[in-house]
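Colleague: need coordinates for the below:
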Amino acid sequence: MQREEMERRIQIGLAGWGDHDAIYPSGTKSGDKLNIYGRRFPIVELDSSFYAIPTPARMVKWIEQTPETFGFIVKAYQGMTGHTRGKIPYSDPKTMFQVFRESAEELQRMGKLRAVLFQYPPWFGCERKHVDILRRTREWMDGLPVALEFRHQSWFQGETRDKTLQFMRDEGWIHSICDEPQVGDGSVPTVLEPTRSDCTIIRFHGRNASGWHASGQPNWREVRYLYRYNEQELSEWKENIVNLLASTENCWIVFNNNSGGDAADNALQLMEALGLDLPDMPGPPPYQLSLFED
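Modeller: Here you go, the predicted structure:
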């Protein structure tokens with residue numbers, strides 16, 4: 001595959017733009033980070049939307065701060081995926097979905113919405129009631145590109161694996177393929193199967209098996225995604241990505257392993273391995289500097 005085609009079909013970015021200090025000049029203000037990020041990476045996962053639905057005005061502001069070709073993968077609000085355990089600040093589920101739609105549609109109007117990512121919790125197993133929820137969600141999000149990521153192994157066990165993939169194809173879900181620890185029911189295997197011919201998402205969560213089930217601990221987010229991919233692991237993924245492109249037009253890749261500041265380094269390493277143009281950075285690529293650290 002030619003370099004230009006690879007550049008067009010593969011987009012690599014990070015989860016969020018605020019916590020990746022290595023990609024910004026020293027002293028960069030918080031409000032300036034997205035503008036700088038957008039000149040260095042072509043795509044971002046908007047994860048703050050999981051905690052609170054951004055207003056349409058906020059979306060417009062982010063649109064204005066990014067290049068014309070920039071793309072957002074917007075994580076669905078936690079109340080929409082069953083993560084919220086407290087009171088949801090909306091009168092009913094349909095209203096909640098409508099408020100989210102109005103926000104995401106601002107990105108869609110400007111051609112910057114790559115997908116709305118529905119990542120379901122570990123207790124969302126393969127059951128009839130959950131399949132019904134997925135169908136209802138797809139109906140309420142009609143007209144928007146939606147991606148699906150599971151956290152319960154039952155969706156991909158035995159004969160259910162092919163049924164799950166076929167269901168996603170029939171309903172028009174983009175497959176969000178995971179790289180994560182394999183530690184029981186609360187994790188899913190890496191299933192290298194696109195469910196749409198136009199696009200596939202890959203999310204790198206790290207492989208910190210001991211920290212994967214750290215939920216409930218005060219610093220669980222710092223522990224869960226604490227992992228740095230090595231050269232061999234990224235080389236294997238290079239081959240996986242090239243193979244995926246035989247049956248999907250675009251691969252959108254997000255590194256979420258930033259507990260130790262490794263996401264940006266690994267993203268740059270994978271870009272280099274794939275022969276993609278590296279962004280201009282405020283100094284030598286951080287992963288080069290890390291070679292000389294103890």
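Colleague: list of residues touching stretch 142-161?
Modeller: 73, 101, 104-105, 108, 113-126, 134, 137-138, 164, 168, 172-176, 178, 184-189, 191, 199, 201, 203 (Cβ atoms under 8 Å, 6 or more residues apart in numbering). For glycine as for every other residue, the C-beta is placed from the backbone atoms N, C-alpha and C.
Colleague: of those, buried ones?
Modeller: 73, 101, 104, 108, 113-122, 124-126, 134, 137-138, 164, 168, 173-176, 178, 186-188, 191, 199, 201, 203 (16 or more other Cβ atoms under 10 Å).
Colleague: give me the subset of the residues you listed lying in helices.
Modeller: Judged by DSSP state H, the buried ones among the contacts of stretch 142-161 include 101, 104, 108, 134, 137, 138, 164, 168 as members of helices.
Colleague: mind listing what the residue nearest to residue 181 when sequence neighbours are not counted touches?
Modeller: The shortest distance from residue 181 to any non-neighbouring residue, by Cβ to Cβ, 6 or more residues apart in numbering, is to residue 209 (4.0 Å). Counting by Cβ under 8 Å, 6+ apart, residue 209 touches 181, 182, 183.
Colleague: count of neighbours near the first one?
Modeller: Translated: residue 181. 19 (other Cβ atoms under 10 Å).
Colleague: how close does it get to residue 187?
Modeller: When distance is defined by Cβ to Cβ, to the nearest Å, residue 181 is 6 Å away from residue 187.
Colleague: quickly list what's touching both of those two.
Modeller: Shared contacts of residue 181 and residue 187, defined by Cβ under 8 Å, 6+ apart, comprise residue 212.
Colleague: which ones among the contacts of residue 209 map onto strands?
Modeller: When DSSP state E is applied, these are split such that none fall in strands.
Colleague: take these and write them to JSON lines, including distance to residue 231 and pLDDT.
Modeller: Shown next, in JSON lines, are these (distance: Cβ to Cβ, whole Å; pLDDT from 0 to 100):
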{"residue": "181", "distance to residue 231": "19", "pLDDT": "95"}
{"residue": "182", "distance to residue 231": "21", "pLDDT": "93"}
{"residue": "183", "distance to residue 231": "24", "pLDDT": "91"}
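Colleague: okay if I get these as CSV plus distance to residue 42?
Modeller: Output for the contacts of residue 209, formatted as CSV (distance: Cβ to Cβ, whole Å):
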residue, distance to residue 42
181, 28
182, 30
183, 32
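Colleague: phi and psi next, for the closest residue to residue 84 other than its chain neighbours.
Modeller: Leaving aside its sequence neighbours, residue 84 sits nearest to residue 78 (Cβ to Cβ, 6+ apart; 4.8 Å). Dihedral pair for residue 78: phi -60, psi -30, per degrees, to the nearest 10.
Colleague: neighbours of residue 78, how many?
Modeller: 19.
Colleague: likewise for residue 261?
Modeller: Based on other Cβ under 10 Å, the number of other residues close to residue 261 is 16.
Colleague: then residue 136?
Modeller: 13.
Colleague: try residue 95
Modeller: For residue 95, using other Cβ under 10 Å, the count is 11.
Colleague: report the separation between it and residue 259.
Modeller: 35 Å.
Colleague: how about residue 270?
Modeller: 18 Å.
Colleague: can you check residue 171 too?
Modeller: For residue 171, the distance to residue 259 - Cβ to Cβ - is 33 Å.
Colleague: higher neighbour count, those two?
Modeller: For the pair residue 171 and residue 259, the greater number of neighbours falls to residue 259 (21 against 16), based on other Cβ under 10 Å.
Colleague: surely that one touches residue 225?
Modeller: Yes - counting by Cβ atoms under 8 Å, residue 225 is a contact partner of residue 259 at 4.3 Å.
Colleague: overlap in contacts of these two?
Modeller: Shared contacts of residue 259 and residue 225, defined by Cβ under 8 Å, 6+ apart, are found at residue 206.
Colleague: picking up where we left off before, OK, contacts around the residue nearest to residue 84?
Modeller: With the criterion set at Cβ under 8 Å, 6+ apart, residue 78 makes contact with 50, 51, 84.
Colleague: between these, which is closest to residue 2?
Modeller: Closest to residue 2 out of the contacts of residue 78 is residue 50 (37.1 Å), distances taken as Cβ to Cβ.
Colleague: what sits closest to that closest one if chain neighbours are left out?
Modeller: residue 75 (4.5 Å).
Colleague: can you pull the contacts of the one you found?
Modeller: 45, 46, 47, 49, 50, 116, 117, 119 are the contacts of residue 75 under Cβ under 8 Å, 6+ apart.
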